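*Asks:* Mind looking at a prediction? Sequence and model below.
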Amino acid sequence: MRIAVNRFSQAGQQPSTYHHYIVQLFSRLSLDRPAEEFVFIDEKHNNPPHPQPGLWVKQPADASMRTTIPQILIADDWVVPGSFFRKWLVPLKLRKAKQVITLSAFVKDKLVNEYRIPASQVTVLPGAPDPLLQPADWQQKETIKAAYAEGREYFLVSGGMYQDALLLNLLKAFSQFKKWQHSNMKLIITGTVSKQHAGLAEKLATYKYREDVVLTGLLPAAASTLLITAAYALVHTTAPCASELIMLDAMQAGIPVIAAENNNLPETGGDAVLYADPANPETIGKQMLALYKDENLRGQYIEKGKEKAAQFSWATTAKAFWQLLVS
């Protein structure tokens, strides 16, 4: 079978959950199915490659309303929030698809209940952590902290697709943590925050602890992964529907996670993650403080996270994905 896969990633933006998902998924499928032909498209267009593929894998925004090629759409966290234009056009594109794949039942429920996509047309196939990612040793962590955090411990915010209000709540939570603990802990935020979130940049200029907030800008994937492996904790509360893959990477790397309690993340994290209300800075700050003050608690969530991450496998997802394609 000849399968075309849109792999386009917008220049100057952090790679999306969709991009991470298809890179890992089709890396595995290419190994498992050497007789099949996979054609990867790295340019943003809707012109099918020649000869014409039997299937075309895309994200919803890139779906074609005209093509006769069966389309498999992978609906990651991007598709849930959106403007009126998205809410009008995206359902049309989703209904055009042969099948829609989501990473969580949370997103599936959104598509079925808000976009009225038939439940039978949506399949949940969760992702998994990067199989090559391993916990960093002490020296590696010290080197990373020296490069990005002046040698200090740090909370990490990663993934992009941030919402201004939730980022501001996180800054308030960090302020409360600092007030309660008087530590020299840093807060590192990856991605192009300063360009995409002008309101946040303005507030940072007068933020009391601005010297302890690091905006890295857009980083290569390898650097983003390194930051995860050396973090004191990942704080994953800044998007309405966040990346499960980043959370699983952190858990596999032995990094505890503080996640939003009201989106897709509890479905993946279960009892291996600490949760907070992203709209309530105090609850986030208290979870930061709990990890900082109690090393035994932090150790428990490190071990729980590793056990939970081990339950997810790209091999399992790839097998289920292939069965869906040929059904």
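*Replies:* That came through fine. All of these numbers come straight from a predicted model, not from anything done at the bench.

*Asks:* And stretch 48-65, what's buried?
*Replies:* Under the neighbour-count criterion of 16 or more other Cβ atoms under 10 Å, stretch 48-65 has P48, P53, L55, W56, V57, K58, Q59, P60, A61, D62, A63 buried. Backbone N, C-alpha and C define where each C-beta goes, glycine included.

*Asks:* Any chance of CSV for those residues, columns pLDDT?
*Replies:* Shown next, in CSV, are the buried residues of stretch 48-65 (pLDDT from 0 to 100):
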residue, pLDDT
P48, 74
P53, 91
L55, 91
W56, 92
V57, 93
K58, 90
Q59, 86
P60, 82
A61, 77
D62, 81
A63, 84
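
*Asks:* Just flag the most distant two among the residues you listed.
*Replies:* Greatest spacing in the buried residues of stretch 48-65, by Cβ to Cβ: P53 and A61 (19.3 Å).

*Asks:* For L289, the count of nearby residues, please.
*Replies:* The number of residues packed near L289 is 16, by other Cβ atoms under 10 Å.

*Asks:* Phi and psi next, for the most centrally placed residue in the chain.
*Replies:* In the chain, the centroid-proximal residue (Cα atoms, centre = their mean) is S243; its distance is 2.1 Å. Main-chain dihedrals, S243, degrees, to the nearest 10: phi -80, psi 120.

*Asks:* Kindly state the pLDDT recorded for it?
*Replies:* For S243, the model assigns a pLDDT of 85.

*Asks:* correct me, but it touches V157?
*Replies:* No: applying Cβ atoms under 8 Å as the test, S243 and V157 come out as separate, 11.7 Å apart.

*Asks:* related to what we said a few turns ago, could you export the buried residues of stretch 48-65 as JSON lines, including distance to Q71 and secondary structure?
*Replies:* JSON lines is the format used below for those (distance: Cβ to Cβ, whole Å; DSSP: H, G, I helix; E, B strand; the rest coil):
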{"residue": "P48", "distance to Q71": "10", "secondary structure": "coil"}
{"residue": "P53", "distance to Q71": "10", "secondary structure": "coil"}
{"residue": "L55", "distance to Q71": "8", "secondary structure": "strand"}
{"residue": "W56", "distance to Q71": "5", "secondary structure": "strand"}
{"residue": "V57", "distance to Q71": "8", "secondary structure": "strand"}
{"residue": "K58", "distance to Q71": "6", "secondary structure": "strand"}
{"residue": "Q59", "distance to Q71": "10", "secondary structure": "coil"}
{"residue": "P60", "distance to Q71": "10", "secondary structure": "helix"}
{"residue": "A61", "distance to Q71": "12", "secondary structure": "helix"}
{"residue": "D62", "distance to Q71": "9", "secondary structure": "helix"}
{"residue": "A63", "distance to Q71": "6", "secondary structure": "coil"}
